[in-house]
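Visitor: Predicted model, plus sequence, below.
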Amino acid sequence: MLGVLHKTDATYDNHLFYTGRLAMRNLLRNDNVLKEALTKQWDETDAGLIAGVMVDVNSPDAAVYLVNFMKKYKLPDDRVPQAYQKIAQYTPANKLQSVVDEAFGNPDASLEQKALMYRAFQQYDKKLFTKIAPQLAADLFKKYPATDLRDDDVKYNNQTTAIAIAGDYKVKSLIPDLKSFLNQGHKIGQNLRSNVLRALMKIDPANASIGGEILKNDSVIDFRIRIATAMGEFPGKQVNTVLNGLTSIPLGLQEPVVIALAGSPDGKDIIFDKVKKGQIMARMLLQPRAQELILLNASKKQQQELTVLTADLPPVSAEKQQVIDKRLASFDALDKRN
C-alpha cells in the first residue's frame, strides 16, 4: 500500500491517493496490523504517510504512534489539530500534561504550530495550558497585531486564538492588545471585535462599559446587535448598569437588549421600567427568547408585570397591517405631489 502512495501524485492522482489512504486506514483498524506498524522502524516518508492516516484510526495505539512520530517529525499543518485531538482523546489524563509540555518545548515547533496544538488540546482541558497559554497569546499578538489587516486565514485564526486565550485565562497584561482591535473600528470584522469584547468582559465584567459606548455610538446596527448579544452572555450588575443608561434604543436593537437584561432579576425590572418609559416596545417582551428568559426564575410580581404590560397588545397581523397601510398612504401622497 505504501508503494502505491509513493507512486501517486496527490495533487494530480487525487482519487487514487485518497483510495490508497482509505485502504491503509482500514488495514490499520486491525489490531494486529496496527501493533506491527508501531514496532517497525519506518523512514521519514513512510512514517509520515502512516501518521497522516493514523489520525483517522480510533485506537490508543494510534495515539501512541502519533506521539512518537511528532517527537521526531512534522505533519502537514492541516493534519496537526486532528493528530493532537487523537492524542488527547486516548492519552491517560495523568500523562497529558507531559505530552503538552514536550510538544510545546520542541525547539523546531513554530509559533503557528503551537497555536494549532493549543486549539487541538484546549477543548479537553484548558488547565493544561495555564503556564503556557498567556505567553503564546502575547507572541501571537506580536506577530499578528490588530494593525495586520490582511485577508488571510492563518492571520485570522491566530488572532482569534490569541483573543480567546486572553479572555479564558484572564490575562490583564493583554488588555491593550485587545483594545487595539476595537480601535481599528470597521477595518476589522464584526465577529473578531465581538470576541474582543467577550474576552475583555471575562477579564473584568466592568469592561461592559466598552460595549455600552459601542451601543451608543457605532453606526452599524448589525454590529451593535452582536455587541448586545455578547454582553448578554455576562448577566449581572455591570451589564445592567450599562444597558440601563441607554435611553434611545433603535427598534432592531431592542430585542437583544431585552435578552441581555433578562438574564438577571434586577435586569428584568429594568426591562419593565424601560417599557413604561417608552424606551422599549412592549411587543419585544413577547419575542420567544426574550419571554423565555424573562419568565425564567421570575418572581410572581415580575410575572404579573409582564402580563399587565403585554395585555392590550393587538395581534401581530393587525399591527403589521397598520404599518402596511401607513406606507401605502405615504406612497399615495408622494404620487399626488409628483
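Guide: It's in.
Visitor: roughly how far apart are residue 180 and residue 76?
Guide: From residue 180 over to residue 76 the distance is 32 Å, taken as CB to CB, to the nearest Å. Heads up, the C-betas are built off the backbone N, CA and C, glycines and all.
Visitor: Settle it for me: which of those two has more neighbours?
Guide: More neighbours sit around residue 180 than around the other of residue 180 and residue 76, counting by other CB atoms under 10 Å; the figures are 15 against 10.
Visitor: and that one, what element?
Guide: Residue 180 is located in helix 175-183, with elements delineated by DSSP states H and E.
Visitor: List the contacts of residue 271.
Guide: The neighbourhood of residue 271, defined by CB atoms under 8 Å, 6 or more residues apart in numbering, consists of 258, 261, 262, 280, 285, 294.
Visitor: Kindly recompute the last result at 10 Å.
Guide: 240, 243-244, 254, 257-262, 279-280, 284-285, 290, 293-294, 302, 305-306, 309 (CB atoms under 10 Å, 6 or more residues apart in numbering).
Visitor: Also residue 140?
Guide: If a contact means CB under 10 Å, 6+ apart, then residue 140 has 111-112, 114-115, 118, 155, 157-163, 165-166, 174, 177 as its contacts.
Visitor: So among those residues, which ones count as buried?
Guide: By the neighbour-count criterion of 16 or more other CB atoms under 10 Å, the contacts of residue 140 include these buried positions: 112, 114-115, 118, 155, 157-163, 165-166, 174, 177.
Visitor: the bottom helix or strand of the chain by mean pLDDT?
Guide: Of all regular secondary-structure elements in the chain, judged by mean pLDDT, DSSP states H and E, the least confident is helix 2-6 with a mean of 60.
Visitor: After it, which helix or strand is next?
Guide: Toward the C-terminus, helix 2-6 is succeeded by helix 14-28 as the next helix or strand (DSSP H and E).
Visitor: I'd like to know which elements the helix or strand that that following helix is followed by is packed against.
Guide: Past helix 14-28, further along toward the C-terminus, the next helix or strand under DSSP H and E is helix 31-39. The criterion is 3 or more CB pairs under 10 Å, 6 or more residues apart in numbering; DSSP states H and E, and the helices and strands that helix 31-39 contacts are helix 14-28, helix 44-54, helix 60-72.
Visitor: how about a markdown table for those, with mean pLDDT, distance to residue 128 and mean neighbour count added?
Guide: Formatted as a markdown table, these follow (pLDDT from 0 to 100; distance: least, CB to CB, whole Å; neighbours: other CB atoms under 10 Å):
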| stretch | mean pLDDT | distance to residue 128 | mean neighbour count |
| --- | --- | --- | --- |
| helix 14-28 | 80 | 28 | 16 |
| helix 44-54 | 87 | 22 | 19 |
| helix 60-72 | 88 | 15 | 18 |
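Visitor: if we can go back for a sec, pull out the buried positions in the helix holding residue 180.
Guide: If you call a residue buried by 16+ other CB under 10 Å, then helix 175-183 has these buried ones: 177, 178, 181, 182.
Visitor: ditto for stretch 86-101
Guide: 86, 87, 88, 90, 91, 96, 97, 99, 100.
Visitor: can you list those residues in CSV and add pLDDT, distance to residue 268 and secondary structure?
Guide: Formatted as CSV, the entries for the buried residues of stretch 86-101 read as follows, by pLDDT from 0 to 100; distance: CB to CB, whole Å; DSSP: H, G, I helix; E, B strand; the rest coil:
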residue, pLDDT, distance to residue 268, secondary structure
86, 87, 46, helix
87, 87, 46, helix
88, 85, 41, helix
90, 87, 47, helix
91, 86, 46, coil
96, 86, 43, helix
97, 89, 44, helix
99, 86, 47, helix
100, 87, 44, helix
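Visitor: Which pair of the residues you listed spans the longest distance?
Guide: Comparing every pair within those by CB to CB identifies 86 and 97 as the most remote, at 17.4 Å.
Visitor: returning to what we had before: closest one to residue 132 among the helices and strands packed on helix 31-39?
Guide: Proximity to residue 132, assessed across the helices and strands packed on helix 31-39 by CB to CB, is greatest for helix 60-72 (16.4 Å).
Visitor: and the direction of the closest one versus that of helix 44-54, what angle?
Guide: 140 degrees (axes from the mean of the first three to the mean of the last three CA atoms, to 10 degrees).
Visitor: now helix 60-72, how far from the centre of its chain.
Guide: For helix 60-72, the distance between its averaged C-alpha position and the chain's averaged C-alpha position is 29 Å (CA atoms, centre = their mean, to the nearest Å).
Visitor: Then stretch 16-33?
Guide: The gap between the average C-alpha position of stretch 16-33 and the chain average comes to 34 Å, counting by CA atoms, centre = their mean.
Visitor: same question, stretch 96-116
Guide: Relative to the chain's own centre, stretch 96-116 is displaced by 23 Å; criterion: CA atoms, centre = their mean.
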